[in-house]
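1. structure for this input, please:
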Amino acid sequence: MVLARFGRTLLLALLLAGATALPASAQSAKEMLGVPGPISFQGTEFALAWSSRPSPNYIKQEYVPAGEQPEHFNRMFMIEADTSASPEAAAAAQVDMLKKRKGVDPVVNYGLIRNDATGEIILDFLMSDASSETVIVEWDAYRYAPLGKAGGVALYAFSRRGYGDNARDFLIGLKQSRHPDINALAAFDAPKLAPAP
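-> Residues are numbered from 1 along each chain as shown. This is a model prediction of the structure:
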């Protein structure tokens, strides 16, 4: 499985069994969540670059800074919505996927932070892909939040990547960037989502 889509799958185990999305390069960016962008995060503007609706209840949108592409990025912001799941179920599905991946990916590591007052969960995790000539190391922070009164889950996520010879420096740099990124995501003024029918 390609890390480009693998690391940004909200409910892989619950929702996408047997379903596949087209590669980012084969799809356009159609706004479906009421958040056209740009998204401002840590002083950077992220523009809508890719979107998908893998199932009727599940919408994904990816935003990247100017000059970057979803297929090969250094930083990405993601917003997703699923009207048929909860923050707990979504986080549990991602943790289950990471546990299974540990057998083939020695870099996998993760941590969970729960906010019982808001019902939100932040999952930060690290993984890698060495299936091509260029090794990719990816760190993600996923903020799962209740979607609204009708139920569901909203995901606000930030991702960083290191490639090839820079993967080691990327991992070293995470020691300084990880906690500020998690804190910024936790404090992010999340837009209210309005999933298209």
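2. quick one: mean pLDDT over the host helix or strand of R161.
-> Counting by DSSP states H and E, the element that carries R161 is strand 153-163. Averaged across strand 153-163, pLDDT comes to 97.
3. so which elements touch the longest helix belonging to the chain?
-> Using DSSP state H to define each element, the chain has its longest helix at helix 167-187. Under the contact criterion of 3 or more CB pairs under 8 Å, 6 or more residues apart in numbering; DSSP states H and E, helix 167-187 touches strand 109-115, strand 120-129, strand 136-146, strand 153-163. C-beta here means a position set from N, CA and C on the backbone, and glycine is covered the same way.
4. again, 7 Å this time
-> Using 3 or more CB pairs under 7 Å, 6 or more residues apart in numbering; DSSP states H and E, the elements in contact with helix 167-187 are strand 120-129, strand 136-146, strand 153-163.
5. take those strands and lay them out in TSV including mean neighbour count and distance to M97.
-> Converted to TSV, the helices and strands packed on helix 167-187 look like this (neighbours: other CB atoms under 10 Å; distance: least, CB to CB, whole Å):
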stretch	mean neighbour count	distance to M97
strand 120-129	21	10
strand 136-146	22	12
strand 153-163	22	14
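6. out of those strands, which gets nearest to G34?
-> G34 sits nearest to strand 153-163 of all the helices and strands packed on helix 167-187, at 11.2 Å, using CB to CB.
7. ok, that closest one: who's next to it in the sheet?
-> The pairing partners recorded for strand 153-163 under DSSP bridges are strand 75-82 (antiparallel), strand 136-146 (antiparallel).
8. which residues make contact with it from outside it?
-> The contact list for strand 153-163 (CB atoms under 7 Å, 6 or more residues apart in numbering) reads 7-8, 10, 41, 73-82, 85-87, 90, 134, 136-147, 169-171, 177, 181, 185, 188, 190, 193.
9. can you find the helix or strand in the chain with the smallest mean pLDDT?
-> Here the helix or strand of the chain ranked lowest by mean pLDDT, DSSP states H and E is helix 12-15, holding a mean of 30.
10. give me the helices and strands touching the helix or strand following that one, please.
-> Where DSSP H and E defines the elements, the next helix or strand beyond helix 12-15 is strand 39-41. Of the remaining helices and strands, none touches strand 39-41 by 3+ CB pairs under 7 Å, 6+ apart.
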